[in-house]
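K.L.:
Coordinates for the following, if possible.
(chains A and B)
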Amino acid sequence: MVRLESRGDVSRAWSLLSPVVAIVLTLISGVVIFSAMGKDPGLALYTYFVQPLTTAFGVTELLVKATPLVLIGIGLSIGFRANVWNIGAEGQFTIGAIVGGGIAIAFHDSDNFLLLPVVMIGGILGGMAWGAVPAFLKTRFNANEILTSLMLTYVAVLLLSYLVHGPWRDPDGYNFPESRLFPAAAMMPVLWEDSRLHLGAALAVLAVVGGWVILSRAVIGFQLRVVGQAPAAAKHAGFSQNKLIWFSLLLGGGLAGLAGVAEVAGTIGQLLPSISPGYGFTAIIVAFLGRLHPVGVLLAGLIMALSYIGGEVAQIEIGLPAAVTGLFQGILLFFLLGCDVLTHYRIRFGAPGRARGS
Amino acid sequence: MTQQSDEMAEKQDGGEVPDAAPLLALDRITKAFPGIVANDSISFQIKPGEIHALLGENGAGKSTLVKIIYGVLGADSGTLSWNGAPTAIPGPAAARDLGIGMVFQHFSLFEAMTVLENIGLAMNDQRDMTALKQRVIEVSTSYGLPLDPDRHVHSLSVGERQRIEIVRCLLQNPKLLILDEPTSVLTPQEAEKLFETLRQLSDEGCAILYISHKLDEVKALCEAATILRGGKVVATCDPRQETAQGMAELMIGQKLTPTRRDGGEVSRTDRIMVSRLSIASEDQFGIDLREISFKVRRGEILGVAGVAGNGQTELMSALSGEIQNRRQPDSIRFDGLSVGSLNPAERRALGANFVPEERNGHAAVKDMSLSDNAFLTAATRMKLMANGMMRHGEIRSFADKVISAFDVRTTGAEAAAGSLSGGNLQKYIVGREILQEPGILIISQPTWGVDAGAAATIRQALMDLARRGCAVLVISQDLDEIFEICDRIVVISEGMVSEPRDIEAITVEEVGLLMGGLHDLADTVGSEGRANG
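P.N.:
The predicted model follows:
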């Protein structure tokens, strides 16, 4: 008989070990799945997880993909610390891209060097505005932010689709549902020649540092941690719950908006009906895989980016279906949540427990 | 009360068979948890009909031991004999089958159900509710435990709820009844009633294992006592032959230094003024505060006595600002300023500090370091932050100051609050507030679940603080504590507060009557009169 027994205390070691175990279990599942599909599991895993890292191009692409994941993941992880469950980063990302992209399109014949900063600020404000809606509904009507932020994602995605199919469609674009190309002045500078690695990556690193300062040095970060761990203690200390909800959602929304504008003004260069392979949702996994710690988020962002790149390479090289990427991400989150149980419980083999609460 | 009960105990002693075979015998029971041996080779015996006290401080191993007897926990080694035969008790159901009943400190009752339904739930073999109702009435009348089977539990006082638990045990005809700190939720009068019931049970041959740390009670009620300290039996004695002081010293293993209560002028200045404070409770089964008024003067300690669940939690929240009263900001004034609409941080900035009852998760965050926990409430007044950033150096040194000033046993300021024992964490929390030199301190259950040494330190610190001019409000269920440290006392009952009285001018019995609530008293006396007659 196997049973779970409460540790009584949180195991710090397990909390750090859990993501590693989850990754190993995901790889083992990968072997099983690839074998079942009739592929050589060794080759498939190599193609998926190692081959992308063997070229300079592969590495820069990895960083390009990691940029939005880390930017969003930092914002989400800070909110999650306070039990503010912003699930709608995908929508905030999209609105950030729409607002920043809209400014770039409106000034498409400008070459003013101030255009890029304005585009970026527009993107951040757009994301914050989209995060403000669930914050308002939560603080005013106690509406669950999980539902409201998630539903707003679909509003944002459909809005983008409407814009590129309608009013913002490129007049010289042969009726393709795409906006015009952004002017050079609105594009983020490239950091590495002959690659797509842009300024956004540097901003993501800054966000990591900023996130660390907020969580371990700033008073607001302390308040967020207390609210998350002991809401009654936060109330006793006199921290304003509403202020922390607003802060979490505005910060998460702003960083997601920045990620969105960085994606269109750094990587894509125009607005398309689909600008994200689900970065906003994957960033949730990134936040948890990174233990809600900024440095962890950075590492987790790189790992999840690898799952995107690897998925693409595996499609091309050995004909794996595109769904494998989502499958891997889902399996990883599943194992991670499973392993996290072990931070609070230990597995015991033996007679069924007789312990009873008293 | 001691006088009379001593006599009764003597009488009952006469009926005892001197060499009766033990009903329950424990032989070298040992139980270890990770990092601690909770029970270390414990042996003692209980005779049929004996009222046996199990004495010890918090953490001495009493709860673990009774959980082993009741089958909730299994012992690592040692033998338990029932009627002379070694017996294994694999679970509470097996314990009940043997004839062991237990009344836990925390009741397991459904508030939204009636008394009868709650009792019925625990009876495996009882399907006929009418017959059960008849038996409940029979048992409750014959043992002086008045209960209305059709009342809903949420409308009952804590004392009445305890009677349900006891009746539930008695319906099983127990041979051994275990009670865990039963009087901690009772008024002195209710406690005296309970003792009568227990003596009656004992006369009928039911043994009682009585867990307590209240020595006067044990002297009045019990004929044998086993004293635990640090998981070991340190003494077995006849409490009627011992002094309370002597047993206390056996319990804590050191000499008790009585708290000093000297000098200190209580001035005429009112620092806390509460006038006609009414607040509806946020909790469905909570207590509404009704027209509460009192004042606490500079240099004075005012005690708020009362049975748990009569509005103490709500009063604490209203005073600390966790519940704000925007409609009547004037109902609470600190040093003349209306604070009713301020949050706790704003009230703290005015020089008021608060210690809520619950240590873990309310006064302190268990998984955070002591330093972080110092920052929690001392940030503003101790200037532990600047420009929105935490000043880690200053926070650390403030935490160190608290640790050394209050002799907190810990590995250091970076230790997690949850790693400290209850008494040490409470000393840290109280120290954190007192070192801020508050003008007003409001503290709930200052020594609840705290070892005697720490309790003495905390009480002394509160008295010293008052002498320095602070107005201290102590909300406590522990009457001994209130009589030891307070200058004046009010009693809270059903969300209302009695007129303040000087501590010298009121007796325990009077306080007990107020604790029972005057309107409540009428119908309790009536029904008990019938029950006893």
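
K.L.:
hey, let's count contacts and neighbours off CA atoms from now on
P.N.:
Will do.

K.L.:
Residue B:132: which element?
P.N.:
helix B:129-142 (DSSP states H and E).

K.L.:
next one: the helix or strand following that helix to chain centre, how far?
P.N.:
Going down the chain from helix B:129-142, the next helix or strand is helix B:158-170, by DSSP H and E. How far helix B:158-170 lies from its chain's middle: 17 Å, per CA atoms, centre = their mean, to the nearest Å.

K.L.:
neighbours around residue A:23, how many?
P.N.:
A count of nearby residues for residue A:23, using other CA atoms under 10 Å in any protein chain shown, gives 19.

K.L.:
dump the residue contacts of it.
P.N.:
A:332, A:335, A:336 (CA atoms under 8 Å, 6 or more residues apart in numbering or on different chains).

K.L.:
Could you do residue B:94 as well?
P.N.:
Per CA under 8 Å, 6+ apart, neighbours of residue B:94: residue B:71.

K.L.:
Which helix or which strand is home to it?
P.N.:
Short version, using DSSP H and E: residue B:94 is in helix B:92-98.

K.L.:
what residues are up against the residue nearest the centre of chain B?
P.N.:
In chain B, the residue lying closest to the centroid (CA atoms, centre = their mean) is residue B:184, at 4.7 Å. Residue B:184 makes contact with B:477, B:478, according to CA under 8 Å, 6+ apart.

K.L.:
Just the pLDDT for it.
P.N.:
As predicted, residue B:184 sits at a pLDDT of 77.

K.L.:
Doesn't it lie inside a helix?
P.N.:
Yes - Residue B:184 forms part of a helix when assessed by DSSP: H, G, I helix; E, B strand; the rest coil.

K.L.:
any idea how far residue B:57 is from it?
P.N.:
14 Å (CA to CA, to the nearest Å).

K.L.:
Next: residue A:46.
P.N.:
62 Å.

K.L.:
And residue B:502, how far from chain A?
P.N.:
Look at residue B:502 and chain A: by CA to the nearest CA, to the nearest Å, they are 31 Å apart.

K.L.:
Burial check on the nearest residue to that residue once chain neighbours are set aside, number of neighbours?
P.N.:
Residue nearest to residue B:502 in three dimensions, not counting chain neighbours: residue B:488, with 4.4 Å by CA to CA, 6 or more residues apart in numbering or on different chains. Number of residues near residue B:488 (other CA under 10 Å) recorded here: 21.

K.L.:
does residue B:488 really touch residue B:301, like I thought?
P.N.:
Yes - Residue B:488 lies in contact with residue B:301 (CA atoms under 8 Å); the separation is 6.8 Å.

K.L.:
Name the SS class of the residue nearest in space to the middle of chain A, please.
P.N.:
Centroid-nearest residue in chain A, with CA atoms, centre = their mean: residue A:283, separated by 1.9 Å. Secondary structure of residue A:283, reduced to three states by three-state DSSP: helix.

K.L.:
again with residue B:433
P.N.:
helix.

K.L.:
residue contacts, it?
P.N.:
Contacts of residue B:433 (CA under 8 Å, 6+ apart): B:353, B:354, B:355, B:377, B:378.

K.L.:
So residue B:40 belongs to a strand, correct?
P.N.:
Yes - counting by three-state DSSP, residue B:40 is found in a strand.

K.L.:
quick one: which helix or strand includes the closest residue to residue A:90 other than its chain neighbours?
P.N.:
If the residues on either side of it in the chain are set aside, residue A:90 comes closest to residue A:280, at 3.8 Å by CA to CA, 6+ apart. Using DSSP H and E, residue A:280 sits within helix A:279-289.

K.L.:
I'd like to know which elements that helix is packed against.
P.N.:
On a contact count with 3 or more CA pairs under 8 Å, 6 or more residues apart in numbering or on different chains; DSSP states H and E, helix A:279-289 meets helix A:56-81, helix A:89-106, helix A:294-318, helix A:323-344.

K.L.:
on that earlier part again, got the buried residues for the helix holding residue B:132?
P.N.:
B:132, B:133, B:136, B:137, B:139, B:140, B:141 (16 or more other CA atoms under 10 Å in any protein chain shown).

K.L.:
could those go into a markdown table alongside distance to residue A:52 and pLDDT?
P.N.:
Listed next are the buried residues of helix B:129-142 as a markdown table, based on distance: CA to CA, whole Å; pLDDT from 0 to 100:
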| residue | distance to residue A:52 | pLDDT |
| --- | --- | --- |
| B:132 | 75 | 88 |
| B:133 | 76 | 90 |
| B:136 | 76 | 90 |
| B:137 | 79 | 90 |
| B:139 | 79 | 89 |
| B:140 | 78 | 88 |
| B:141 | 82 | 88 |
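
K.L.:
Closest to residue B:296 out of the residues you listed?
P.N.:
Closest to residue B:296 out of these is residue B:140 (43.1 Å), distances taken as CA to CA.

K.L.:
what sits against that closest one?
P.N.:
B:146, B:147, B:167.

K.L.:
can we see that at 10 Å?
P.N.:
Neighbour list for residue B:140: B:134, B:146-149, B:163-164, B:166-168, B:170-171, B:531 [criterion: CA atoms under 10 Å, 6 or more residues apart in numbering or on different chains].

K.L.:
picking that back up, how far away is the residue nearest to the centre of chain B from residue B:304?
P.N.:
For residue B:184 relative to residue B:304 (CA to CA), the value is 16 Å.

K.L.:
repeat for residue B:452
P.N.:
From residue B:452 to residue B:304 the distance is 21 Å (CA to CA).

K.L.:
got it, and residue B:94?
P.N.:
For residue B:94 relative to residue B:304 (CA to CA), the value is 43 Å.

K.L.:
which residue does the stretch 401-533 of chain B bring closest to chain A?
P.N.:
residue B:418 (8.4 Å; CA to the nearest CA).

K.L.:
Not counting sequence-adjacent ones, nearest residue to that residue?
P.N.:
For residue B:418, the spatially nearest residue (CA to CA, 6+ apart) is residue B:366, at 4.2 Å.

K.L.:
in the stretch 201-350 of chain A, which segments are predicted with low confidence?
P.N.:
A:350 (pLDDT under 70).

K.L.:
Show me what from it comes close to chain B.
P.N.:
Proximity of the stretch 201-350 of chain A to chain B, by CA under 10 Å from any CA of the partner chain, involves residues A:213-214, A:216-223, A:225-227, A:229-240.
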